[in-house]
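# Pasting the sequence and the predicted coordinates here, then a few questions.
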Amino acid sequence: MPKATATATATATAANRMHTAVLTGQGTAFPPPMGQQALWDDVFARRYNGNQTARRIFLGCGVSTRHGVIDPRVEDVSEWTTGTRMRRYVTAAHPLGREAVLGALTDAGLHPADVGLFVVVSCTGYATPGLDIALAAELGMPPTTQRLFIGHMGCYAALPALSTATDYVRVQGRPAVVLCVELPSLHVQPFGPRAERDVEQIVAHALFGDAACAVVLEPDVALEPDVHGGVHGGLEVVDTEAVTDPASASLMTWTVTDHGFRMSLSAKVPDVLALHVEKATRALLGRHGLDVDDIAGWAIHPGGPRIVNVVAEKLGLRADQTAASQEILDTRGNCSSATVPLVLQQIRQNRQLRPGDPVVAMAFGPGLTLWNVLLKAR
């Protein structure tokens, strides 16, 4: 074979090879915090006329503090139109998204000009041109940066977004950024006599908080162990597993109304998830010769304390293995799609992962859908 032909063949082979995709950076941004007790005492006790069921839900849902671009002690959005809420979403989401993306890029040691794919996830606000276009231009991402917006998938959306970005990085060999921005504080629903009996809406008002979280994925990153034998938070995305139970679709909904988006969250959700979580998780782990006992970190979406407890029971997890999920629920609330990235960040920061240690990220959402991602410390 002529030398020129051999060189061209080698170059093409290198260009077409499959890369690894490694999570190397994360960034977060939050609006001001709000204490759960104060929210009940100052706002919702009055709105629910001191209803004891509502009080029990608010003060027993595992949340001590959450964040909101809307503080109901200052602004009452319950009668706002959807259009008014969407306009506030645009103005509030932009600076939070910007801060989270810049933080993630800095954490990874990259610049906006390095980004090949920019994925934005949200189920709490919409506009076109959207955050993906506005932030890409403002931050200085190249005009050739590919963009993807994932909307209305709910709490598990970060994981299909991560999976999609992983596919891009593996094939293209360029960095990708995934940004989740959720502002459920914009969607407080109207109150009235019927609201006191609407347990599902009480749960939604009690659980959800606002957050922005971004992650960076890079190709073929080899991270050096630190002096203690751990790694500096790099996680290779290895595999995914998803299962949807369409027969249970009505148990979790997120409906556009004239007064924002309305959450329906049945108390039966944990029971349905209990039917699928063990089989789906073991199927994912089994493909890689792993068992539940081999997993060094569990990033379980804390949709509520009962959901985390059901997962722990079905998989035989100890309290320390679900501690990161419980801590995020306690200090941030359920932040929809941003929640699992927050739990992953907690694990990266607090657990001393060794090279090769497996980590599972797990989330749930409408469908009902369970989505697992297997990662490995690098």
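All right, it came through fine. Because the structure is a prediction, the values reported are computed rather than measured.
# Report the buried residues of the top helix by length along the chain.
Longest helix in the chain by number of residues, with DSSP state H as the criterion: helix 82-108. Buried residues in helix 82-108, counting neighbours by 16 or more other CB atoms under 10 Å, are found at 82, 85-86, 88-89, 92-94, 96-105, 107-108. No exception for glycine: its C-beta is placed from N, CA and C like everyone else's.
# Any stretches of the stretch 101-250 of the chain with poor pLDDT?
Along the stretch 101-250 of the chain, the parts satisfying pLDDT under 70 run over 195-196, 222-233.
# how about 50 then?
226-231 (pLDDT under 50).
# where do the strands sit along it?
117-122, 146-151, 176-182, 211-219, 235-244 (DSSP state E, counting those that start in this stretch).
# Which among the ones you listed is found nearest to residue 270?
strand 235-244 (15.5 Å; CB to CB).
# Can you give me the buried ones in stretch 309-316?
Applying 16+ other CB under 10 Å to stretch 309-316 flags 309-312, 314-315 as buried.
# Any chance of TSV for these, columns secondary structure, pLDDT and distance to residue 274?
As requested, the buried residues of stretch 309-316 are arranged in TSV below (DSSP: H, G, I helix; E, B strand; the rest coil; pLDDT from 0 to 100; distance: CB to CB, whole Å):
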residue	secondary structure	pLDDT	distance to residue 274
309	helix	94	10
310	helix	95	5
311	helix	96	8
312	helix	96	11
314	helix	96	6
315	helix	97	10
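# Including distance to residue 76, could these go into JSON lines?
Shown next, in JSON lines, are the buried residues of stretch 309-316 (distance: CB to CB, whole Å):
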{"residue": "309", "distance to residue 76": "34"}
{"residue": "310", "distance to residue 76": "35"}
{"residue": "311", "distance to residue 76": "36"}
{"residue": "312", "distance to residue 76": "38"}
{"residue": "314", "distance to residue 76": "41"}
{"residue": "315", "distance to residue 76": "42"}
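# Just the closest of the residues you listed to residue 52, please.
Once CB to CB is applied, the member of these that ends up nearest residue 52 is residue 309, at 23.0 Å.
# How is the chain partitioned into domains?
Following automatic domain parsing, the chain resolves into domains at 21-219, 235-377.
# now do the same end-to-end measure for the last one.
Just to be clear, that refers to domain 235-377. 5 Å (CA to CA, to the nearest Å).
# can you check the first one too?
Domain 21-219 has an end-to-end distance of 5 Å (CA to CA).
# for residue 77, helix, strand, or coil?
coil (DSSP: H, G, I helix; E, B strand; the rest coil).
# Quick one: residues contacting it.
70, 84-85, 88, 185-188, 260 (CB atoms under 8 Å, 6 or more residues apart in numbering).
# go with 6 Å
70, 188 (CB atoms under 6 Å, 6 or more residues apart in numbering).
# on that earlier part again, mean neighbour count, the strands of the stretch 101-250 of the chain: which tops it?
strand 176-182 (a mean of 30; mean count of other CB atoms under 10 Å).
# who are the neighbours of that one, in terms of helices and strands?
Under the contact definition 3 or more CB pairs under 6 Å, 6 or more residues apart in numbering; DSSP states H and E, strand 176-182 sits against helix 82-108, strand 117-122, helix 158-172, strand 211-219.
# now the angle from the first one to strand 117-122?
To tie it back to what came earlier, the one meant is helix 82-108. 140 degrees (axes from the mean of the first three to the mean of the last three CA atoms, to 10 degrees).
# so is residue 375 in a helix, a strand, or just coil?
On the basis of three-state DSSP, residue 375 is classed as strand.
# Report the contact partners of it.
Residues counted as contacts of residue 375 (CB under 6 Å, 6+ apart) are 235, 237, 359.
# Tell me what it is bridged to.
residue 237, residue 359 (DSSP bridges).
# For the stretch 251-378 of the chain, which segments are assigned as helices?
Using DSSP state H, counting those that start in this stretch, the helices of the stretch 251-378 of the chain run over 269-286, 305-315, 323-332, 339-350.
# hmm, back to that, which elements pack onto the longest helix of the chain?
strand 21-29, helix 131-139, strand 176-182, strand 211-219.
# Try it again at 8 Å.
Judged by 3 or more CB pairs under 8 Å, 6 or more residues apart in numbering; DSSP states H and E, the packing partners of helix 82-108 are strand 21-29, helix 131-139, strand 176-182, strand 211-219, strand 260-265.
# Would you agree residue 184 is in contact with residue 337?
No - in this structure residue 184 lies outside contact range of residue 337 using CB atoms under 8 Å: 10.6 Å.
# Name the residues that touch stretch 245-259?
78-82, 123, 152, 154, 189-190, 261-266, 268-269, 272, 275-276, 365-369.
# how far is it from where the chain is centred?
In terms of CA atoms, centre = their mean, to the nearest Å, the centre of stretch 245-259 is found 19 Å from the chain centre.
# How about stretch 303-313?
Centre to centre, stretch against its chain (CA atoms, centre = their mean), the figure for stretch 303-313 is 17 Å.
# cool, stretch 174-185 as well?
8 Å.
# Could you work out the end-to-end span of that stretch for me?
Using CA to CA, the two ends of stretch 174-185 sit 35 Å apart.
# go on, stretch 294-302?
From its first residue to its last, stretch 294-302 covers 22 Å (CA to CA).
# and what of stretch 257-270?
26 Å.
# now swap in stretch 187-197 and tell me
Length of stretch 187-197, first residue to last, CA to CA: 18 Å.
# My read is that residue 189 contacts residue 78, right?
Yes - between residue 189 and residue 78 there is a contact at 6.2 Å, judged by CB under 8 Å.
# which stretch among the helices of the stretch 251-378 of the chain comes nearest residue 142?
Using CB to CB, those put helix 339-350 closest to residue 142, at 24.4 Å.
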